[in-house]
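>>> fold the following.
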Amino acid sequence: MMKCVTILGSTGSIGRQSLDIIHHLSLKVGALTAGSNVERMAQQCRDFQPELAVMATEEAALQLKEMIKDLPVRVSWGEEGLMEAATLESTDCVITAVVGMLGLKPTLAAIRAGKRIGLANKETLVCAGELVMAEAEKYGAEIIPVDSEHSAIFQCLMGVGNKKEVRRLILTCSGGPFFGMTQEQLKSVTKADALKHPNWKMGAKITIDCATLMNKGLEVIEAMRLYKLLLEQVDVLIHRQSIVHSMVETVDGAVMAQLGTPDMRLPIQLSLTYPERTDCPVEKLDLTKCGALTFVEPDMEAFPCLKLARDCAKLGGNACAVMNGANEAAVALYLEDKIGFYDIYTLVKGAVDAVPYIHKPNLEEILESDRLAREYVMTHC
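Residues are numbered from 1 along each chain as shown. Presented below is the predicted three-dimensional model:
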């Protein structure tokens, strides 16, 4: 079990649930980082007494410093502070709960410092998966997935002796709030509708990604990178109940599944206690009460973002980084009521087609591809 944990993105949904688990396990907190929520960060500092607290801007950091001046907590800000938090000597594990490409550089820094990574930032592997996994192998850093689906795969693979025995991974998906709707019906959906996820409580960006099914596309790419499998070995099924979190099918036809109530604290805790298991403060699954479990194929015509993600995964190179950057920018515009629901797909597809393809990008080229993708979206919205 880990002893001291840093959370990148502590004021968000995953960050707050991570702190619940840290409290439950009586672990220490090395560093906490956040964007602009000074009030919540100040309370977290009082509750957990981290060595370091980092805000996105100098202004927010100065506000925090004034609010916690009676505490022995050092305050920093910006990318420099984020990198320091990711590599803090006293920390055993870094939970990467920041949203988007912001998580890439600090995750790489934590890997190079030999930390265990509790990976909740899927964009890191989507945009630079081959680079990240190579660095993890080079520096001996463990990557334990925190996403419910990838944690489920991780757990199922504990029962597989050799990767060659795996026929395919089956990622489950709730289908989001618009399951069963046609393209015509989806043209008139509202932002409020899109933010009503049927089973999970998450941040706005990932909730919109679930509504478009882009989130599942990102998870397909993440699974390929994390488990070093071919695109053809990663499938998606809509499972409305969110009880079966994902499955592994072996070459002999056996299918192993991880089931549980839809609560992120279980995979978060496993990332800290692995290879051990201990009691977790989540509602236990009662199979006599969860009802029928159903599975259907996703509709990739009504939800083209999933197909686009698979196409980018097949293309490889910088295509996934372009897609991800464009999606982040487009979702931000959607949340600001500046574009419609299907405009997200149109803008992302346009960026993928427009940004020059690079077969084997380095880190700088990945970051530049991300910038160009965002620029495309902002100039074509």
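>>> just the CA coordinates for the helix or strand of the chain with the lowest mean pLDDT, please, in CSV.
Within the chain, no helix or strand scores below helix 191-194, which has a mean of 90 by mean pLDDT, DSSP states H and E. C-alpha atoms of helix 191-194 as CSV (Å, rounded to 0.1, in the frame of the first residue of the first chain):
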residue,chain,number,x,y,z
LYS,A,191,-26.6,21.3,-23.1
ALA,A,192,-28.7,20.7,-19.9
ASP,A,193,-29.8,17.3,-21.4
ALA,A,194,-26.2,16.4,-22.3
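>>> which residues touch that helix?
176-178, 207-208, 211, 334-335, 337, 341 (CB atoms under 8 Å, 6 or more residues apart in numbering). C-betas here are computed from N, CA, C, even on glycine.
>>> thinking residue 266 is in contact with residue 281, fair?
No: contact criterion CB atoms under 8 Å: residue 266 and residue 281 do not qualify, at 9.5 Å.
>>> between those two, who's got more neighbours?
residue 266 (23 against 13; other CB atoms under 10 Å).
>>> look up how far residue 187 lies from that one.
Counting by CB to CB, to the nearest Å, the separation of residue 266 from residue 187 is 37 Å.
>>> equivalent analysis for residue 72, please.
55 Å.
>>> before we move on, what about residue 30?
From residue 30 to residue 187 the distance is 48 Å (CB to CB).
>>> give me the more crowded residue out of these two.
residue 30 (23 against 11).
>>> just give the nearest non-adjacent residue to that one, would you?
residue 91 (3.7 Å; CB to CB, 6 or more residues apart in numbering).
>>> tell me the SS of the one you found?
coil (DSSP: H, G, I helix; E, B strand; the rest coil).
>>> tell me which stretches of the stretch 251-381 of the chain form strands.
With strands called from DSSP state E, counting those that start in this stretch, the stretch 251-381 of the chain shows them at 255-259.
>>> pLDDT at the residue of the chain positioned farthest from its centre, what is it?
Outermost residue of the chain with respect to the C-alpha centroid, by CA atoms, centre = their mean, is residue 70; its distance is 34.5 Å. Confidence at residue 70, expressed as pLDDT, is 97.
>>> what does residue 290 give?
89.
>>> report the contact partners of it.
241, 243.
>>> one more: residue 250?
With CB under 8 Å, 6+ apart, residue 250 has these contacts: 160, 165-167, 256.
>>> out of those residues, which end up buried?
Neighbour-count burial (16 or more other CB atoms under 10 Å) applied to those gives 166, 256.
>>> just the contacts of residue 250: which are in helices?
Among those, the subset assigned to helices under DSSP state H is empty.
>>> could I get the contacts of residue 250 in JSON lines, plus columns for pLDDT and distance to residue 297?
Below are those laid out as JSON lines (pLDDT from 0 to 100; distance: CB to CB, whole Å):
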{"residue": "160", "pLDDT": "92", "distance to residue 297": "25"}
{"residue": "165", "pLDDT": "96", "distance to residue 297": "25"}
{"residue": "166", "pLDDT": "97", "distance to residue 297": "21"}
{"residue": "167", "pLDDT": "97", "distance to residue 297": "18"}
{"residue": "256", "pLDDT": "97", "distance to residue 297": "21"}
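>>> would you mind measuring from the residue farthest from the centre of the chain to residue 42?
Residue 70 is 11 Å from residue 42, by CB to CB.
>>> which pLDDT value belongs to residue 197?
Taking residue 197 on its own, its pLDDT is 76.
>>> ok, now which ones touch it?
174, 176-177, 207, 210-211.
>>> nearest to residue 100 among the residues you listed?
Closest approach to residue 100 among the contacts of residue 197 (CB to CB): residue 207, at 14.2 Å.
>>> that closest one falls within a helix, correct?
Yes: under three-state DSSP, residue 207 sits within a helix.
>>> measure it to residue 348 for me?
17 Å.
>>> okay, the two: which has more neighbours?
residue 348 (30 against 21).
>>> give me the residue ranges of the stretch 251-381 of the chain where confidence is low.
The stretch 251-381 of the chain contains no residues with pLDDT under 70.
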